[in-house]
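Colleague: This is a predicted model, with the sequence first.
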Amino acid sequence: MRTYMRHPSDVPLDFRLRSEGDAHSEHLNDVGCGGLSFNCAVALNQGDLVEIRIDVVTPPFEAMGRVAWCRARGEQYLVGVAFLDQDDLYRARMVEQICRIERYKKEIYEREGRELDGQEAALEWIDKYAQYFPEG
């Protein structure tokens, strides 16, 4: 059974290899059991240490991880990163929920013309979709 939920890849993510100084901007793919995956223009080596930053939330989500795998996907790569601190998994899942709620808020406005504030959107989203969002 899948231990993570597919995530729309519209969430920007920055990463930096510990061995170099430059940050790279990519997009989140999934948040899973023990880490996350993201789309990447370049191949990364298994075992590389990476700093992850997602700044669509305040304060930004920042975590350290290790590249668990890297697979070619068309002209890009899909990179799996295992968090070094398991508390980061919980925080990443909260970021994922916030992104889903914000997306829901936009969809409702586009579809129904209703403008929801953050709390209204969260309550509706939780009522409709929380049972499909896996626990821990």
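Modeller: Yes, it's here.

Colleague: quick check, Asn45 in a strand?
Modeller: No: counting by DSSP: H, G, I helix; E, B strand; the rest coil, Asn45 is not found in a strand; it is coil.

Colleague: Once you drop chain neighbours, what's closest to it?
Modeller: Nearest residue to Asn45 in three dimensions, chain neighbours excluded: Val67, at 6.4 Å (CB to CB, 6 or more residues apart in numbering). Using the backbone N, CA and C atoms, a C-beta is placed for each residue, glycine as well.

Colleague: can you confirm the one you found is in a helix?
Modeller: No: Val67 sits outside any helix when classified using three-state DSSP, being strand.

Colleague: From Leu36, how far off is it?
Modeller: 11 Å (CB to CB, to the nearest Å).

Colleague: Which one's more surrounded, those two?
Modeller: Leu36 (28 against 21; other CB atoms under 10 Å).

Colleague: In this protein, what helix or strand scores lowest on average pLDDT?
Modeller: One helix or strand of the chain scores below all others by mean pLDDT, DSSP states H and E: strand 5-6, with a mean of 42.

Colleague: helices and strands around the very next helix or strand once past that strand, which ones?
Modeller: Counting by DSSP states H and E, the element after strand 5-6 in chain order, helix or strand, is strand 12-17. Applying 3 or more CB pairs under 8 Å, 6 or more residues apart in numbering; DSSP states H and E, one finds that strand 12-17 contacts strand 23-32, strand 35-40, strand 49-54.

Colleague: so where's this protein shaky on pLDDT?
Modeller: 1-10, 133-136 (pLDDT under 70).

Colleague: Spatially central residue in it, please.
Modeller: Leu28 (4.5 Å; CA atoms, centre = their mean).

Colleague: neighbours of the residue lying closest to that one once chain neighbours are set aside, just the number please.
Modeller: Once flanking residues are discounted, Leu28 sits nearest to Val11: 4.2 Å by CB to CB, 6+ apart. Summarising burial for Val11: neighbours were counted as other CB under 10 Å, giving 22.
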